[in-house]
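Visitor: A structural model of the following input is requested.
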Amino acid sequence: MNKRGVALIICYMVITVLTILGAAFITRSVSERSVASKYFDSTKAFWLAEGGIQRVLWTISNNPGMSNAALIDKVNSYSNGSFLVESISGTSFKTFTVSSAVSSITRRIQVNADNDWQRKIPGAVYSRGVVQVKFDKRDDAYIDGGVKPGIYSTDEVKSKKVGEGQIVGQPQGILENQPIPETLDAGIWDTFDFNNLREIAKANGTYFSAEGTGEENNPFNKSGKYTLPVVAGQTNGIFFFDAKDGEPLDDDEVDPKNEIKVKLKGASEQMSGIIVVVGDLRIEDTNVYDFLFDGIILVLDDLTIKDGKHGRRIGTNDSDIRIRGAVLSENINPGKKTRKKKATLNIDNATIEYSPESMSSASSRWSIVPGSWREL
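Guide: You can find the predicted model right below:
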């Protein structure tokens with residue numbers, strides 16, 4: 001064989017090897033691109049399905065009492081085909097199944113959700129600090145914890161009981177004070193997602209901060225005090241009175257100079273929902289109207305509830321101030337330097353009745369049950 005023939009054979013062999021390597025490279029590139037594309041589609045489908053879960057929680061929280069079928073239709077109307085709510089089952093304890101498909105990839109997520117979180121609140125009154133209670137003969141005022149203690153306190157309860165006023169709780173009967181168990185004290189405020197409550201209040205137009213985004217949302221005067229009369233159209237939902245600068249809480253710590261002072265007065269109709277005050281709150285009736293509230297009152301410092309000398313509610317023997325639900329005062333700055341006295345919760349001739357039903361009906365907030373999330 002001459003040299004020209006050998007070179008030709010070698011050339012063919014090199015071309016064949018290069019062709020095989022090129023084909024393999026192209027095949028690998030196409031395969032990797034396909035894998036990457038499928039991974040992208042799978043990830044996108046997953047987060048769309050997760051977004052559907054959050055949309056279900058939001059919809060149920062804002063549409064209490066709606067049937068499961070109506071909820072499915074409502075949530076799916078928001079999705080524009082990005083996700084599909086396949087099922088919502090149960091009433092007080094719900095199971096959601098949401099799917100989303102991108103190209104040929106489908107992801108399905110199922111969770112259990114619960115709106116019974118209000119029952120974690122320990123009793124009618126909860127305070128980190130001193131609780132001062134005063135009743136007199138004018139009103140049929142009382143603090144009733146029902147099947148739970150009437151008052152939990154980390155400090156002491158000072159009670160002046162005259163006439164019909166009383167502090168009631170089970171199973172121990174009349175209670176002056178029930179110390180807060182360490183486990184309960186450590187976890188009670190974790191029950192409330194303050195950032196979530198703040199955002200809901202902003203969406204509802206019931207968020208107030210000294211540095212609000214608009215004049216209508218900046219009701220505080222120069223001293224940081226604000227009085228809110230309960231009026232038509234402003235009586236239900238989550239009312240969030242933020243710190244002066246409107247910044248989110250940092251480990252529940254607030255500079256005393258950044259706190260606000262809020263006064264709520266009675267009006268022509270009942271108020272219901274959740275009230276959050278980053279600072280001090282004072283609740284009063286007026287010489288014309290009572291203060292009637294169903295829900296939860298969360299105050300991060302001192303709280304005063306004072307029934308003025310306006311007699312009993314018309315046609316009843318009840319106090320002019322009646323709160324059904326629960327009242328909590330955290331006192332984030334106990335014994336702060338600006339005050340000589342201890343942080344307190346003052347209750348003067350008011351009726352406070354522990355009622356999970358009132359809390360649930362006033363503001364149902366659904367959340368995923370820990371450990372229940374799973375992908376199908």
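
Visitor: Tell me which stretches of this structure form helices.
Guide: With DSSP state H as the definition, the chain shows helices at residue ranges 3-62, 68-79, 182-187, 194-204, 356-362.

Visitor: Mean pLDDT lowest where, among the ones you listed?
Guide: Across these, helix 182-187 has the smallest mean pLDDT, namely a mean of 62.

Visitor: Around the residue nearest to Ile200 when sequence neighbours are not counted, how many other residues sit close by?
Guide: By the measure of C-beta to C-beta, 6 or more residues apart in numbering, the closest residue to Ile200 outside its immediate chain neighbours is Ile238, 4.9 Å from it. In short, each C-beta sits where N, CA and C put it, glycine included. Ile238 is flanked by 24 other residues according to other C-beta atoms under 10 Å.

Visitor: so Ile238 touches Ala201, yeah?
Guide: Yes. Using C-beta atoms under 8 Å as the test, Ile238 is close enough to Ala201 to be in contact (4.6 Å).

Visitor: list the residues that contact both of the two?
Guide: Residues touching both Ile238 and Ala201 by C-beta atoms under 8 Å, 6 or more residues apart in numbering: Val276.

Visitor: Val168 pairs with what?
Guide: Counting by DSSP bridges, Val168 is bridged to Asp144, Ile174.

Visitor: and it, how many neighbours?
Guide: 18.

Visitor: For Asp275, list the residues it contacts.
Guide: Wrong residue type there; residue 275 is Ile, not Asp. 239, 241, 264, 281, 293, 295-299.

Visitor: Pick the most buried one from the helices of the chain.
Guide: Greatest average neighbour count among the helices of the chain goes to helix 356-362 (a mean of 19), per mean count of other C-beta atoms under 10 Å.

Visitor: Where in this protein is the helix or strand with the lowest mean pLDDT?
Guide: Every helix and strand in the chain was compared by mean pLDDT, DSSP states H and E; the lowest is strand 173-174, with a mean of 48.

Visitor: Assess the claim that Ser100 and Val85 are in contact.
Guide: No. The pair Ser100 / Val85 is not scored as a contact, 10.2 Å apart, by C-beta under 8 Å.

Visitor: number of nearby residues for Gly371?
Guide: Using other C-beta under 10 Å, Gly371 has 7 other residues around it.

Visitor: I should have written Val147 there, sorry.
Guide: 10.

Visitor: Can you give me the distance of it to Ser358?
Guide: Separation of Val147 from Ser358 (C-beta to C-beta, to the nearest Å) stands at 15 Å.

Visitor: what's near enough to touch the residue nearest to Ile200?
Guide: Listed by C-beta under 8 Å, 6+ apart, the contact set of Ile238 reads 197, 200-201, 204, 206, 273-274, 276, 363.
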